[in-house]
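K.L.:
show me the folded form of this:
(one chain, ligands or ions: 1)
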Amino acid sequence: MADLRVKKVKDFAAELTVPGDKSISHRALMFSALSNGPCEVTGFLASEDCLATRKALESMGVEIEDLGEDGTHIRVHGCRGEFSPPEGPIDCGNSGTTMRLLSGILATQPFETVLTGDESLSKRPMNRIALPLEKMGARIKGQGDRCLAPLEIRGKEKLTPIQYQSPKASAQIKSAIMLAAMAAEGKTSITEPYPSRDHTERMLNYLLVKNIREGDTVSIWGGQTPESRDIDVPGDISSAAFWIVAAAARPGARLMINNVGLNPTRIGILSVLIRMGAKIIERIDESGCEPKGSIEVIGGKLKATEIGGAEIPTLIDEIPVIAVAAALAEGKTVIKDAEELRVKESDRISTVAENLGRMGVPVEQFGDGMEITGVSQLKGAEIHSLGDHRIAMAFAIAGLFAEGDTVIRGVECIETSYPGFIRELDELQAISR
Ligand code: S3P
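P.N.:
The predicted structure follows:
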């Protein structure tokens, strides 16, 4: 298990870019594989999670060429969704997006596939996608009531369209259904309690697959093949979030992040930090398939806030690092309606509470969130990532503010979403050797 020792830094001033968006990179691969020809993808995130999707598609006969040295520029040869059966089980690694979205594609294939995952992924509920995909006519067999991996999926070329009321605001559920719906005869609709991230809708529209949103419902028509077009992936706001908090919570700090995705369904963290007292300006330079631009942050003394309801899906992956901001803010921050955190790469309510506690921060846990009481000084501590990339990175950021070294145990997981994070931390002179 690799460790990282982080020390307090006095000042913070940086201008940087972050690697490609993880959600958009998975979709760029899958949708271009479904298309009718070659698509060049630039800015692709060559991290473990997205490489699991790449390998999965390659194992089903999709040709993917590297056009550069670092894996971020690739050409995917679309096969119109006619895949060949893989030779063995497909390993989705740690990636929930790979397993759930791929299930939507496999539901349309006339063969049986087995999807496996690592220890963490094998504990995450797959019944949320199995249920609607089975209603459409696929057969999905998992382990136990929550349909855990390994999953056996038996697809069907002609699926039945459904009108689905999703119990959760989840882009993975919505996207799995939309992918299957492309092979259904007629119109499929999905209604969510609140809108989740809309990368699937945007990218499919860009690839000329008609889908529309009316209120909280998205509809898509079967029988459409994506048009092969080149896709540019912007930087990942979820990776930028770590540096944004590092700057926002430090009076006088300055940060500029360029070429980052600014999709309104993903930038809840910016509104929260502004409410907490940080100065943040976003500038959209381009609004093609996905809006992208720059974010400028000037740090200040933060104050507590409340986060819940429709805001949660817009910042769900950022909650660990938002919790670090709350620990540095004056007052009690309450996060609620976020029970989804319990079934992420780790139980992020208990991992955040446990690790903040080690740094001297009082945290009360609820079933669907937590209350964090800000402290005047964080204490360096031993932190356990539990194999969760966002916990490892959030607490590396906490370490920048702590008195005494912070040792993060188990940092290999950072590779699942942010190769280069540790290098960036090193540039800030924040690694103790
Ligand atoms: C994702 C959707 C979210 C998010 C995950 C990526 C996606 O999950 O937390 O990291 O790419 O669709 P849910 O759909 O489970 O909310």
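K.L.:
now do the contacts for the closest residue to the ligand within the stretch 1-150 of the chain.
P.N.:
Here the residue of the stretch 1-150 of the chain nearest the ligand is Ser23; by CB to the nearest ligand atom that distance is 3.2 Å. In short, each C-beta sits where N, CA and C put it, glycine included. Neighbouring residues of Ser23 by CB atoms under 8 Å, 6 or more residues apart in numbering: 97, 171, 197, 199.
K.L.:
any idea of the mean pLDDT in stretch 42-49?
P.N.:
Taken as a whole, stretch 42-49 has a mean pLDDT of 98.
K.L.:
per-residue confidence for Glu427?
P.N.:
In this prediction, Glu427 carries a pLDDT score of 93.
K.L.:
neighbours around it, how many?
P.N.:
Neighbour count of Glu427, defined by other CB atoms under 10 Å: 10.
K.L.:
do Cys289 as well
P.N.:
When neighbours are counted by other CB under 10 Å, Cys289 registers 21.
K.L.:
what helix or strand does it sit in?
P.N.:
Following DSSP states H and E, one finds Cys289 outside all helices and strands.
K.L.:
distance check, the nearest residue to it once chain neighbours are set aside against Val343.
P.N.:
Setting aside the residues directly before and after it, Cys289 is nearest to Tyr206 in space (CB to CB, 6 or more residues apart in numbering), at 4.0 Å. When CB to CB, to the nearest Å is the yardstick, Tyr206 and Val343 sit 31 Å from each other.
K.L.:
thinking again about what came up before, mind checking what secondary structure the residue of the stretch 1-150 of the chain closest to the ligand has?
P.N.:
Secondary structure for Ser23, judged by DSSP: H, G, I helix; E, B strand; the rest coil, is helix.
K.L.:
ranges for the helices of the stretch 101-250 of the chain?
P.N.:
Under the criterion DSSP state H, counting those that start in this stretch, the stretch 101-250 of the chain contains helices at 127-135, 171-181, 199-206, 237-248.
K.L.:
any chance of TSV for those helices, columns distance to Ser385 and mean neighbour count?
P.N.:
Supplementary listing: these in TSV, determined by distance: least, CB to CB, whole Å; neighbours: other CB atoms under 10 Å:
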stretch	distance to Ser385	mean neighbour count
helix 127-135	25	21
helix 171-181	22	27
helix 199-206	26	21
helix 237-248	14	28
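K.L.:
and of those helices, who's closest to the ligand?
P.N.:
Between the ligand and the helices of the stretch 101-250 of the chain, the shortest gap by CB to the nearest ligand atom is with helix 171-181, which sits at 3.3 Å.
K.L.:
how far off centre is that closest one?
P.N.:
Centre-to-centre, helix 171-181 and its host chain are 15 Å apart (CA atoms, centre = their mean, to the nearest Å).
K.L.:
so it versus helix 199-206, what angle?
P.N.:
Following axes from the mean of the first three to the mean of the last three CA atoms, to 10 degrees, one obtains 40 degrees for the angle between helix 171-181 and helix 199-206.
K.L.:
tell me the helices and strands packed up against helix 171-181.
P.N.:
Packing contacts for helix 171-181, counted by 3 or more CB pairs under 8 Å, 6 or more residues apart in numbering; DSSP states H and E, involve helix 22-34, helix 96-106, helix 127-135, strand 187-191, helix 199-206, strand 217-221.
K.L.:
among the contacts of Ser23, which ones lie close to the ligand?
P.N.:
Taking CB under 6 Å from any ligand atom as the test, the ligand is in contact with 97, 171, 197 out of these.
K.L.:
does the last one touch Gly261 like I think?
P.N.:
Okay, so that is Arg197. No: taking CB atoms under 8 Å as the contact criterion, Arg197 and Gly261 are not neighbours in contact, 10.1 Å apart.
K.L.:
list residues touching both of those two?
P.N.:
With contacts defined as CB under 8 Å, 6+ apart, no residue is shared by Arg197 and Gly261.
K.L.:
who in the stretch 301-433 of the chain is up against the ligand?
P.N.:
If contacts are counted using CB under 6 Å from any ligand atom, the residues of the stretch 301-433 of the chain sitting beside the ligand are 316-317, 340.
K.L.:
who wins on neighbours among these?
P.N.:
Among these, Asp317 has more neighbours than the rest - 24 neighbours, counting by other CB under 10 Å.
K.L.:
quick one: contacts for that one?
P.N.:
Taking CB under 8 Å, 6+ apart as the contact definition, Asp317 lies against 238, 241, 344, 390.
K.L.:
packing partners for the lowest-mean-pLDDT helix or strand in the chain?
P.N.:
None of the helices or strands of the chain scores lower by mean pLDDT, DSSP states H and E than strand 279-287, at a mean of 93. Packing contacts for strand 279-287, counted by 3+ CB pairs under 8 Å, 6+ apart, involve helix 268-275, strand 291-298.
K.L.:
pull up the pairing partners for that strand, direction included.
P.N.:
Looking at strand 279-287 with DSSP bridges, its paired strands and their directions are strand 291-298 (antiparallel).
K.L.:
buried stuff in stretch 410-419?
P.N.:
410-411, 413-419 (16 or more other CB atoms under 10 Å).
K.L.:
turn the residues you listed into JSON lines, including secondary structure.
P.N.:
Formatted as JSON lines, the entries for the buried residues of stretch 410-419 read as follows, by three-state DSSP:
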{"residue": "Gly410", "secondary structure": "coil"}
{"residue": "Val411", "secondary structure": "coil"}
{"residue": "Cys413", "secondary structure": "helix"}
{"residue": "Ile414", "secondary structure": "helix"}
{"residue": "Glu415", "secondary structure": "helix"}
{"residue": "Thr416", "secondary structure": "helix"}
{"residue": "Ser417", "secondary structure": "coil"}
{"residue": "Tyr418", "secondary structure": "coil"}
{"residue": "Pro419", "secondary structure": "coil"}
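K.L.:
from the residues you listed, which single one is nearest the ligand?
P.N.:
Checking the buried residues of stretch 410-419 against the ligand with CB to the nearest ligand atom, the nearest one is Ser417 at 8.5 Å.
K.L.:
list the contacts of the closest one.
P.N.:
For Ser417, the contact set (CB under 8 Å, 6+ apart) comprises 22, 45, 47, 49, 236, 238-239, 389-390.
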